[in-house]
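Participant: Turn this into a structure:
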Amino acid sequence: MYRSSRRQFLKNTALAMAGAGFLSQELLAAVNSRELIGIQLYSIRAEMGKDPLGSLKQLAAMGYKHVEHANYINRKFYGYSAGEFKKVLADLGLTMPSGHTVMNRKHWDETRKDFTEEWKMTIEDAATMGQQLVISPWLDDYYRKTADDLKRYMEVFNKCGELCKKSGMKFGYHNHDFEFSQQLDGEKVFDIILQHTDPSLVAQQLDIGNLYNGGATALEVMKQYPGRFESMHVKDEIKSGKKEEPYESTVLGKGIVPVKQVIDLGRKSGGTVHFIIEQESYQGKLPMECMKENLLIMRKWGYK
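Facilitator: Numbers count the residues shown, from 1 in each chain. This is a model prediction of the structure:
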């Protein structure tokens with residue numbers, strides 16, 4: 001009886017392990033199917049300001065399939081309503097899985113403990129666009145006077161995540177540099193954000209270039225918080241010669257950031273599925289030329 005039970009145990013274990021292996025492959029395939037390469041349109045902000053349609057046509061011709069906005073004013077994206085802009089993108093074979101809109105003091109009513117109608121409409125328009133992430137790229141210093149102030153505001157982040165979830169989206173936050181250089185009651189702002197937001201509701205978009213001006217490196221941060229970075233701003237940095245911001249962005253592979261190593265780690269253990277190219281400084285080159293070069297480099301590295 002023991003031998004029979006033992007054989008059955010081993011058989012069941014083998015089947016379970018085989019199933020786990022199959023499941024791992026399935027999960028890996030699911031993750032890869034969600035992976036996308038995009039461009040943050042702030043990279044070509046002047047061009048988008050002058051001729052958004054023509055600029056988008058150029059990006060599509062280069063081979064870009066996904067964009068991330070940085071312009072939402074009076075319920076319009078680059079002058080288009082949500083419905084109009086979605087059609088403009090669709091006609092060019094583009095989608096907008098994420099976008100940047102700062103959530104600030106005018107969007108949260110502390111008295112009512114609820115979001116204002118303006119912010120609710122922001123979420124509504126993002127859903128109309130088919131976004132997966134609604135990302136706030138700034139944190140008002142009003143909310144980071146003390147560690148307790150910031151921790152209380154992180155509850156609002158989580159509530160915004162719940163609001164976005166109702167429309168099938170997640171709220172997200174995008175770092176600059178102060179999150180790593182500023183401490184509140186002995187805690188880094190970035191640590192407070194990561195430790196007091198619910199990963200199931202609030203995504204983190206790691207800007208792998210911005211943090212250099214805050215004295216941090218992407219590899220260190222990703223190893224500290226594995227699996228927390230669904231989205232990433234893929235960026236390289238060189239010395240700027242400016243005292244206030246010692247580093248500025250440049251073409252991928254030309255600076256001090258080990259970009260490929262960082263994005264590979266994001267793919268492997270960072271939980272990253274959105275790889276969004278961004279470049280804000282061009283060292284004499286045309287922004288569009290840089291965007292074409294950046295996409296070619298990403299493809300060379302195996303990111304399609």
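
Participant: can you pull out the helices in this protein?
Facilitator: Secondary structure of the chain (DSSP state H): helices at 2-34, 45-50, 52-62, 82-91, 117-129, 147-165, 178-181, 189-195, 218-224, 259-265, 287-300.

Participant: Can you name every helix or strand that the shortest one contacts?
Facilitator: Here helix 178-181 is seen to pack against helix 189-195 when contacts are counted using 3 or more C-beta pairs under 8 Å, 6 or more residues apart in numbering; DSSP states H and E. For glycine as for every other residue, the C-beta is placed from the backbone atoms N, C-alpha and C.

Participant: what ranges of this protein fall below the confidence cut-off?
Facilitator: Low-confidence segments of the chain, defined by pLDDT under 70: 1-32.

Participant: give the contact list for residue 299.
Facilitator: The contact partners of residue 299, taken as C-beta atoms under 8 Å, 6 or more residues apart in numbering, are residue 63.

Participant: What's the separation between it and residue 111?
Facilitator: From residue 299 across to residue 111, the span is 51 Å (C-beta to C-beta, to the nearest Å).

Participant: next one: residue 169
Facilitator: For residue 169 relative to residue 111 (C-beta to C-beta), the value is 26 Å.

Participant: So for the two, which sits in the more crowded spot?
Facilitator: Neighbours per residue, other C-beta atoms under 10 Å: of residue 169 and residue 111, the larger number sits with residue 169, 22 against 5.

Participant: dump the residue contacts of that one.
Facilitator: Per C-beta under 8 Å, 6+ apart, neighbours of residue 169: 123, 126, 127, 131, 132, 133, 134.

Participant: Check the residues you listed and tell me the two furthest apart.
Facilitator: 123 and 132 (12.8 Å; C-beta to C-beta).

Participant: Can you report how many residues lie near residue 229?
Facilitator: Residue 229 has 24 nearby residues by other C-beta under 10 Å.

Participant: Skipping adjacent residues, who's closest to residue 261 in space?
Facilitator: Once flanking residues are discounted, residue 261 sits nearest to residue 219: 6.8 Å by C-beta to C-beta, 6 or more residues apart in numbering.
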